[in-house]
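J.: Structural data only, the sequence is not supplied:
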């Protein structure tokens, strides 16, 4: 893949530098971009973000990204990976805000409800293992002791169980990996999950 | 199940790493980049790098050093020291760091914690709380920048920090720093009680058993300095980190 084929939109909502650092380490040239037009040549898109849902969607809109993203992901079916808040933005909306999401996955983002998740501390922060629910192309299959770094206060609830690829146990099952066709989301931070995350990102480049 | 994080906490002074003893007598440990590379190879859970001078001298964070450190870390990295404004935090996040740790600015005005949490999420801001026991053994809030205890109640400060939007509390037992005499378990117990956000304890850890004891006392995660960088009675520099399997075994029973 040439330098401008993996595009990471930089809209100031997240740690795009660490994602780029890790992709560089696996030898994949990435283009961290502030020009939505760069998506026209994208073969892979990574949406990385942290923070509040509405702030994330507003940043995408204000930068003029939404239309180009829709075209790339919906029309050209470019594989996209949403990381952390980036995964939540793939959904229809969030209890954290009022602005609609990108609506690529039939899912909504919810608070950790005290009844459903008793006695937990929020944010869910730290290393956790995942339970794979269905066959997929991105979760490494040959890594023992696989673990991923999570840091989130809201979680994704899929309406269609087929979109749920893996869950994580935090008082109850929480969506960890989702997929709808060419749209992938991971609630954890692969870019901060040592060789496990590196392997997962490398797999995403091959889907 | 969520794992208890075990976190090397490294002290930065000028361009080198040091280790202190009860917040005094910094001993030179080595080159920060080299140490971070070793910890990355050892697949540590997380790293904290705290600049011990930035708030004392009023210097800004060492952004070029931070960027180099972030480039070597494929695990979460928390930076603390000299962060005074939202823009300092923004620059640090843009360099590839996920968390900032605040003490001096937070003691002055917790609204900086709120501003960072609103913009970058609660998970991105850690409030560092240093506690020192007085001659009667009573815990007191302590300001690392001035090396003085503060009259304000430490319990109230922690509560206010949570309300302001802190994502984690880093609790450092000043009297145990660098002593390898074990964590202040009653203090950890008192802070963790009713705390709705994760608690990272720091200070005194000398063994895996100490790490386990801190977790049993209520710490969500355990940080340590000397345990990971010093070895033996003569405090020789040796960077170590337990095998992942040994940590798994430690917390399994």
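T.: That came through fine. Everything numeric in this text was worked out from a predicted model, so none of it was measured.
J.: Now do the same for residue B:132: its pLDDT.
T.: The per-residue pLDDT reported for residue B:132 equals 98.
J.: where does it fall, helix, sheet strand or coil?
T.: Secondary structure, DSSP: H, G, I helix; E, B strand; the rest coil: residue B:132 is strand.
J.: The helix or strand bottoming out on mean pLDDT in chain B: how far from the chain's middle?
T.: Here the helix or strand of chain B ranked lowest by mean pLDDT, DSSP states H and E is helix B:54-57, holding a mean of 90. Chain-centre distance of helix B:54-57: 17 Å, with CA atoms, centre = their mean, to the nearest Å.
J.: Start from the N-terminal end of the chain and give the helices.
T.: Because you didn't say which chain, this covers chain A. For chain A, the helices defined by DSSP state H occupy A:16-25, A:53-62, A:66-70, A:85-89, A:194-206.
J.: my bad, chain B
T.: Counting by DSSP H, chain B has helices at residues B:32-41, B:54-57, B:63-71, B:86-94, B:104-108, B:111-120, B:154-164, B:185-192, B:208-217, B:226-229, B:244-252.
J.: winner for burial among the helices of chain A?
T.: Sort the helices of chain A by mean neighbour count, taking mean count of other CB atoms under 10 Å in any protein chain shown, and helix A:85-89 sits at the top with a mean of 28. Backbone N, C-alpha and C define where each C-beta goes, glycine included.
J.: mind checking how far that one is from the chain centre?
T.: Centroid separation for helix A:85-89 versus its chain: 5 Å, with CA atoms, centre = their mean.
J.: How about stretch A:183-202?
T.: Centre-to-centre, stretch A:183-202 and its host chain are 9 Å apart (CA atoms, centre = their mean).
J.: got it, and stretch A:61-68?
T.: Centre-to-centre, stretch A:61-68 and its host chain are 18 Å apart (CA atoms, centre = their mean).
J.: Also stretch B:173-182?
T.: Centre to centre, stretch against its chain (CA atoms, centre = their mean), the figure for stretch B:173-182 is 13 Å.
J.: can you check stretch B:179-190 too?
T.: 14 Å.
J.: what pLDDT, on average, does it get?
T.: Averaged over stretch B:179-190, pLDDT sits at 97.
J.: residues of that stretch that come out buried?
T.: B:180, B:182, B:183, B:184, B:185, B:187, B:188, B:190 (16 or more other CB atoms under 10 Å in any protein chain shown).
J.: Of those, which is the nearest to chain A?
T.: residue B:188 (14.6 Å; CB to the nearest CB).
J.: For residue B:180, see how far away the closest residue to the closest one other than its chain neighbours is.
T.: Once flanking residues are discounted, residue B:188 sits nearest to residue B:217: 4.2 Å by CB to CB, 6 or more residues apart in numbering or on different chains. Counting by CB to CB, to the nearest Å, the gap from residue B:217 to residue B:180 is 17 Å.
J.: Surely residue A:41 and residue A:33 touch.
T.: No. Applying CB atoms under 8 Å as the test, residue A:41 and residue A:33 come out as separate, 10.4 Å apart.
J.: Where does the prediction get shaky in the chain?
T.: I went with chain A, as the question did not name one. Confidence mapping of chain A against pLDDT under 70 gives the ranges A:1-4.
J.: try chain B instead
T.: Scanning chain B for pLDDT under 70 picks out B:253.
J.: before we move on, back to that, residue A:41 and residue A:33: which is more packed in?
T.: Comparing residue A:41 with residue A:33 by other CB atoms under 10 Å in any protein chain shown, the one with more neighbours is residue A:33, at 20 against 13.
J.: For that one, list the residues it contacts.
T.: A:7, A:8, A:9, A:10, A:39 (CB atoms under 8 Å, 6 or more residues apart in numbering or on different chains).
J.: Just give me the closest of those to chain B.
T.: Nearest to chain B among the contacts of residue A:33 is residue A:10, at 8.9 Å by CB to the nearest CB.
J.: what's the neighbour count on that closest one?
T.: By other CB under 10 Å, 19 other residues sit near residue A:10.
J.: one step back: any idea which of the helices of chain A gets closest to residue B:118?
T.: Shortest distance between residue B:118 and the helices of chain A, using CB to CB, is found for helix A:53-62: 8.1 Å.
J.: Next to chain B, which bits of chain A? Give me the list.
T.: Counting by CB under 8 Å from any CB of the partner chain, chain A comes close to chain B at A:12, A:14-15, A:17-18, A:21-22, A:25, A:50-52, A:55, A:85, A:121-129, A:145, A:147, A:149-153, A:169-170, A:189, A:191-195, A:197-198.
J.: taking those one by one, which sit in strands?
T.: If you go by DSSP state E, the residues of chain A next to chain B have A:124, A:125, A:126, A:127, A:128, A:149, A:150, A:151, A:152, A:169 in strands.
J.: give the contact list for the residue lying closest to residue A:207 once chain neighbours are set aside.
T.: Distances taken as CB to CB, 6+ apart place residue A:137 nearest to residue A:207, at 4.7 Å, with adjacent residues excluded. Neighbouring residues of residue A:137 by CB under 8 Å, 6+ apart: A:203, A:206, A:207.
J.: Next: residue A:151.
T.: Residue A:151 makes contacts with A:50, A:84, A:123, A:124, A:125, A:126, A:189, B:76, B:98, B:121, B:123, B:167, as judged by CB under 8 Å, 6+ apart.
J.: what's the distance between the first one and residue A:99?
T.: So that's residue A:50. Going from residue A:50 to residue A:99 by CB to CB gives 17 Å.
J.: Have a look at the two and say which one is more surrounded.
T.: Counted by other CB under 10 Å, residue A:50 and residue A:99 do not tie: residue A:50 has more neighbours, with 24 against 16.
J.: Need the residues that contact the longest strand along chain A.
T.: For chain A, the strand that runs over the most residues, judged by DSSP E, is strand A:173-180. The list of residues contacting strand A:173-180 from outside it, by CB under 8 Å, 6+ apart, reads A:87, A:90, A:104-107, A:124, A:128, A:130-132, A:136, A:138-139, A:148, A:150, A:155-158, A:160, A:163-168, A:184-188.
J.: In ChimeraX, how would I select the buried members of those residues?
T.: A single ChimeraX command selects the buried members of the contacts of strand A:173-180 (16+ other CB under 10 Å):
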select /A:87,90,104,105,107,124,128,130,136,138,139,148,150,155,156,158,163,164,165,166,167,168,184,185,186,187,188
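J.: Would you format the contacts of residue A:151 as CSV with distance to residue A:59 included?
T.: Listed next are these as CSV, based on distance: CB to CB, whole Å:
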residue, distance to residue A:59
A:50, 12
A:84, 14
A:123, 21
A:124, 23
A:125, 23
A:126, 27
A:189, 19
B:76, 23
B:98, 18
B:121, 13
B:123, 18
B:167, 20
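J.: If we only consider those residues, which is nearest to residue B:236?
T.: residue B:76 (28.6 Å).
J.: Tell me how far the residue nearest to that closest one when sequence neighbours are not counted lies from residue B:250.
T.: Closest residue in space to residue B:76, ignoring its immediate chain neighbours: residue B:46 at 4.4 Å, by CB to CB, 6+ apart. In this view, residue B:46 and residue B:250 are 17 Å apart by CB to CB.
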